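Student: Curious how this folds, go ahead:
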Amino acid sequence: MPTRAYETALSQSLRDVADLLFKRDSLSAELVRKLAVIRSTAALSGEGWKEEYIRDVARRIFQPPTLPGAICLVLRVVSRPLSPVEIRDTLLEWGYDLRKYSFAMSVVHSCLKKLIRRGTVVATALRDGSKLYSLAEVSDGHKA
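Tutor: The predicted structure follows:
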């Protein structure tokens, strides 16, 4: 197979993977939105006995992603730059279990630094020295 054919096949495969990842992330975002509706409806209806079921749904939504993956999902769904505290608070609000970390903020900061090194997340410095984080743009126009 000529080199040009390999390059074409590789380019198409990379585009396919990027598209599939975008679709997967869109589905994850929709799951998070549905979970919020379920929680709100259960709270309004007084269906406290369903809380364990809701926790199980939240575990199933957030179990697959690692903490860096969950942070990326937060940044994708919220779609505005966030502080590390806002990221942590959103993870907790969505039901991501941070209890296994003795210092959750330290772990969030470490994950953000790792995601920046990978080129997945970008930091914007504010005048007061604090930073806001957002997903990096990739060449195909999607967020990382």
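
Student: for S45, what are its contacts?
Tutor: Taking CB atoms under 8 Å, 6 or more residues apart in numbering as the contact definition, S45 lies against nothing. Every residue, glycine included, has its C-beta placed from N, CA and C.

Student: My guess is L135 contacts V121. True?
Tutor: Yes: between L135 and V121 there is a contact at 6.1 Å, judged by CB atoms under 8 Å.

Student: what's around R15, how many residues?
Tutor: Using other CB atoms under 10 Å, R15 has 11 neighbouring residues.

Student: Surely it is within a helix?
Tutor: Yes: according to DSSP: H, G, I helix; E, B strand; the rest coil, R15 belongs to a helix.

Student: State the distance from it to F22.
Tutor: As judged by CB to CB, to the nearest Å, R15 and F22 stand 11 Å apart.

Student: now swap in L73 and tell me
Tutor: The separation that L73 has from F22, given CB to CB, amounts to 13 Å.

Student: Next: P84.
Tutor: Distance from P84 to F22, by CB to CB: 25 Å.

Student: returning to what we had before: of L73 and F22, who's got more company?
Tutor: L73 (23 against 16).

Student: helix/strand/coil for the closest residue to that one other than its chain neighbours?
Tutor: On the basis of CB to CB, 6 or more residues apart in numbering, the spatially nearest residue to L73 that is not a chain neighbour turns out to be S28, at 5.5 Å. Secondary structure state of S28, per three-state DSSP, is helix.

Student: Show me which helix or strand of the chain is least confident by mean pLDDT.
Tutor: Lowest on mean pLDDT, DSSP states H and E among the helices and strands of the chain sits helix 51-62, with a mean of 76.

Student: can you list contacts of that helix?
Tutor: Contacts of helix 51-62 (CB under 8 Å, 6+ apart): S28, L31, V32, L35, I38, R39, A42, A70, W94, G95, Y96, D97.

Student: In that helix, which residues are buried?
Tutor: For helix 51-62, the neighbour count (16 or more other CB atoms under 10 Å) marks I54, V57, A58, I61, F62 as buried.

Student: how close does the third one get to P84?
Tutor: Translated: A58. A58 is 21 Å from P84, by CB to CB.
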